[in-house]
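Enquirer: Using only what follows, build the 3D model:
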Amino acid sequence: MPTHYRGTPRETQALDAFIKLTRAAESVTARLERRGVHGVLTQTQFGVMEALLHLGPMCQTEISKRLLKSTGNITLVIDNLEKQDLIRRVRSEEDRRFITIHLTPQGQELIEKLFPDNVAAITDEMSALEPSELDTLSRLTRKLGKQEE
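Expert: Below you'll find the model as predicted:
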């Protein structure tokens, strides 16, 4: 659905591209959620656990930066994951203010079980694009995402 705004050609072009980018991302995300690839986890909970799986233990601030979520949102997500015994907070002995988030054995087992189905579903969703189109999409979205704030 294109924009109905009647601005300059550059404004119309930018709005059209933004609408299509947003709708495509939301559409793919909705289809992935319908497939149940996150199991009992929310998308953000899955993101936290996947980051810990592949990057190792890290502090909440680093997790929030990597997932582009507020620190308040990540605190709530981590609280809920901790209640499910999927992650644990470890306070630094050198600086008691510093807390690192770790996967528990149960959390490690769950994310390792869920991740392959997630990869397969994403690969399937992206199969609408040719490999060269995936490369172009990756390059363009990275360029857009890395723009100065």
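
Enquirer: can you tell me which helix or strand L21 belongs to?
Expert: helix 9-35 (DSSP states H and E).

Enquirer: and the helix or strand just after that helix, how far from the chain's centre?
Expert: Sequence-wise, the next helix or strand downstream of helix 9-35 (DSSP H and E) is helix 43-55. Taking the mean of its C-alpha atoms, helix 43-55 sits 8 Å from the chain's own mean (CA atoms, centre = their mean, to the nearest Å).

Enquirer: Kindly report the same for stretch 31-41.
Expert: 13 Å.

Enquirer: Check which residues of it are buried.
Expert: L32, V37, H38, L41 (16 or more other CB atoms under 10 Å). To be clear about C-beta, it is placed using only N, CA and C from the backbone, and glycine gets the same treatment.

Enquirer: Stretch 87-101 too?
Expert: I87, T100, I101.

Enquirer: How about residues contacting the strand or helix carrying the second one?
Expert: Element membership for T100, per DSSP H and E: strand 99-103. In this structure, residues lying in contact with strand 99-103 by CB atoms under 8 Å, 6 or more residues apart in numbering are 48-49, 52-53, 57-60, 63, 78, 86-92, 111.

Enquirer: how close does the residue nearest to N80 when sequence neighbours are not counted sit to G145?
Expert: Excluding its sequence neighbours, the residue lying closest to N80 (CB to CB, 6 or more residues apart in numbering) is Q45, at 6.9 Å. Distance of Q45 to G145, computed by CB to CB, to the nearest Å: 22 Å.

Enquirer: ditto for R6
Expert: 29 Å.

Enquirer: Just want the angle from the strand holding T100 to helix 43-55.
Expert: Strand 99-103 runs at 90 degrees relative to helix 43-55, counting by axes from the mean of the first three to the mean of the last three CA atoms, to 10 degrees.

Enquirer: Noted, bye for now.
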